[in-house]
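J.: Curious how this folds, go ahead:
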Amino acid sequence: MHTIVEIIKDHLQYKQQIFKLAKADLVKTYRGAALGWAWAIIKPAVTIFVYWFTFQIGIRGGRDASVNGFPFFLWLIAGVVPWFYISDMLTAGTEAIRKYSYLVTKMKFPVSTIPTFVSISKFIVNLVLMLIVIIIFIAMGYFPTAYILQLPIYMILSFLFFTTFSLCASLLASMSKDFANLVKSLVTAVFWLSGIIFNINTISEPWLKSLLMLNPVTFIIEGYRNCFINQVWIWEEPKRLLYFGIIFVVLIILTIWVYRRLRKEIPDVLN
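T.: Here you go, the predicted model:
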């Protein structure tokens with residue numbers, strides 16, 4: 001509890017700096033490019049088009065592939081857009097402390113807050129993209145239902161989970177670059193095994209379906225689709241929520257343990 005209180009105090013004490021650094025990180029990401037901020041939309045749009053063309057036109061030959069009465073394209077963007085934030089946190093989040101090592105070695109900035117402002121930076125882009133997703137649904141004649149009210153819940157859970165993950169991962173990556181390389185090598189596997197491209201609910205083997213649902217990324221992706229496509233309330237799937245909660249608690253405990261063990265060594269390692 002002492003460590004948790006310490007981390008919370010650091011965030012409250014440096015809250016203004018955290019938001020200023022989040023803004024700076026966001027500006028830095030797109031600064032220098034001719035199209036600037038447009039890349040925040042262009043890059044995801046190109047990725048979504050490639051996935052849609054591959055699975056809808058290439059594999060299915062343009063045949064109808066609706067999911068719960070919604071076009072495959074809408075089902076796709078409802079899951080892929082939250083993945084952009086998740087993938088950023090798996091990569092940029094893991095390297096956050098190394099990227100901003102000068103804050104630790106020269107300014108004595110709290111280590112625990114670095115992944116937080118990086119996460120806020122990525123999350124802002126995700127908010128814009130989700131707004132575009134809602135506009136696309138409306139433009140195609142699918143207006144939001146009451147289930148959209150739980151979207152903030154899944155977004156907050158996603159933010160908290162992957163911010164916590166990035167703190168743990170970035171601490172370990174600061175001690176060893178091999179860990180950062182390991183996480184990068186697993187990102188593609190996580191993408192293909194998390195039900196982002198295929199409908200996990202169509203899996204016939206109960207044990208395999210249950211195993212895949214242990215993946216917290218799957219829980220988040222399915223949660224977003226429950227808001228737009230599946231129209232399922234979060235409390236209607238208690239087992240999935242329980243699995244996610246257990247994994248989140250384990251992650252928090254692991255992060256606290258890693259933070260306590262490494263926080264004093266990080267400045268010396270990064271120098």
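
J.: Can you tell me the element residue 82 falls in?
T.: helix 72-91 (DSSP states H and E).

J.: what is the mean pLDDT for the next helix or strand after that helix?
T.: Counting by DSSP H and E, the next helix or strand C-terminal to helix 72-91 is helix 96-99. Mean per-residue pLDDT for helix 96-99: 87.

J.: Could you check helix 96-99 and say which residues are buried?
T.: Buried residues in helix 96-99, counting neighbours by 16 or more other C-beta atoms under 10 Å, are found at 96, 97, 98. C-beta: built from backbone N, CA, C; applies to glycine.

J.: Next: stretch 189-200.
T.: Within stretch 189-200, the residues that count as buried by 16+ other C-beta under 10 Å are 190, 191, 193, 194, 195, 196, 199, 200.

J.: Throw those residues into CSV and include secondary structure and pLDDT, thanks.
T.: Listed next are those as CSV, based on DSSP: H, G, I helix; E, B strand; the rest coil; pLDDT from 0 to 100:
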residue, secondary structure, pLDDT
190, helix, 88
191, helix, 88
193, coil, 85
194, coil, 84
195, coil, 83
196, coil, 85
199, coil, 78
200, helix, 79
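
J.: would JSON lines of the residues you listed with distance to residue 210 be doable?
T.: Shown next, in JSON lines, are the buried residues of stretch 189-200 (distance: C-beta to C-beta, whole Å):
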{"residue": "190", "distance to residue 210": "18"}
{"residue": "191", "distance to residue 210": "20"}
{"residue": "193", "distance to residue 210": "14"}
{"residue": "194", "distance to residue 210": "15"}
{"residue": "195", "distance to residue 210": "13"}
{"residue": "196", "distance to residue 210": "18"}
{"residue": "199", "distance to residue 210": "16"}
{"residue": "200", "distance to residue 210": "11"}
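
J.: quick one: which of those is nearest residue 110?
T.: residue 190 (28.8 Å; C-beta to C-beta).

J.: right, and the closest one touches residue 217 too?
T.: Yes. The criterion here is C-beta atoms under 8 Å, and residue 190 meets it with residue 217 at 5.9 Å.

J.: give me the low-pLDDT residue ranges for the stretch 51-200 of the chain?
T.: 56-65 (pLDDT under 70).

J.: Please enumerate the helices of it.
T.: Using DSSP state H, counting those that start in this stretch, the helices of the stretch 51-200 of the chain run over 72-91, 96-99, 101-105, 114-139, 151-175, 177-192.

J.: Would you mind giving the ones you listed as TSV with distance to residue 47 added?
T.: Below are the helices of the stretch 51-200 of the chain laid out as TSV (distance: least, C-beta to C-beta, whole Å):
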stretch	distance to residue 47
helix 72-91	7
helix 96-99	23
helix 101-105	30
helix 114-139	11
helix 151-175	19
helix 177-192	11
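
J.: Out of the ones you listed, the one nearest residue 52 is which?
T.: Across those, closest to residue 52 is helix 72-91 (C-beta to C-beta), at 5.5 Å.

J.: quick one, the closest one and helix 177-192 angle?
T.: Orientation note: helix 72-91 sits at an angle of 170 degrees relative to helix 177-192 (axes from the mean of the first three to the mean of the last three C-alpha atoms, to 10 degrees).

J.: May I see the buried residues of helix 72-91?
T.: Quick answer for helix 72-91 (16+ other C-beta under 10 Å): 72-91.

J.: Now it - C-alpha only, PDB.
T.: Extracted in PDB, the C-alpha atoms of helix 72-91 (Å, rounded to 0.1, in the frame of the first residue of the first chain):
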ATOM      1  CA  PHE A  72     -18.000  -6.400 -41.800                       C
ATOM      2  CA  PHE A  73     -16.400  -3.000 -42.300                       C
ATOM      3  CA  LEU A  74     -18.100  -1.600 -39.200                       C
ATOM      4  CA  TRP A  75     -17.400  -4.700 -37.200                       C
ATOM      5  CA  LEU A  76     -13.700  -4.400 -38.200                       C
ATOM      6  CA  ILE A  77     -13.200  -0.700 -37.300                       C
ATOM      7  CA  ALA A  78     -15.000  -1.300 -33.900                       C
ATOM      8  CA  GLY A  79     -12.200  -3.600 -33.000                       C
ATOM      9  CA  VAL A  80      -9.200  -2.400 -34.900                       C
ATOM     10  CA  VAL A  81      -9.400   1.200 -33.700                       C
ATOM     11  CA  PRO A  82      -8.900   0.400 -29.900                       C
ATOM     12  CA  TRP A  83      -6.100  -1.900 -31.000                       C
ATOM     13  CA  PHE A  84      -4.100   1.100 -32.300                       C
ATOM     14  CA  TYR A  85      -3.900   2.500 -28.700                       C
ATOM     15  CA  ILE A  86      -3.100  -1.000 -27.300                       C
ATOM     16  CA  SER A  87      -0.300  -1.600 -29.800                       C
ATOM     17  CA  ASP A  88       1.100   1.900 -29.100                       C
ATOM     18  CA  MET A  89       1.200   1.100 -25.400                       C
ATOM     19  CA  LEU A  90       2.800  -2.300 -26.000                       C
ATOM     20  CA  THR A  91       5.600  -0.700 -28.000                       C
END
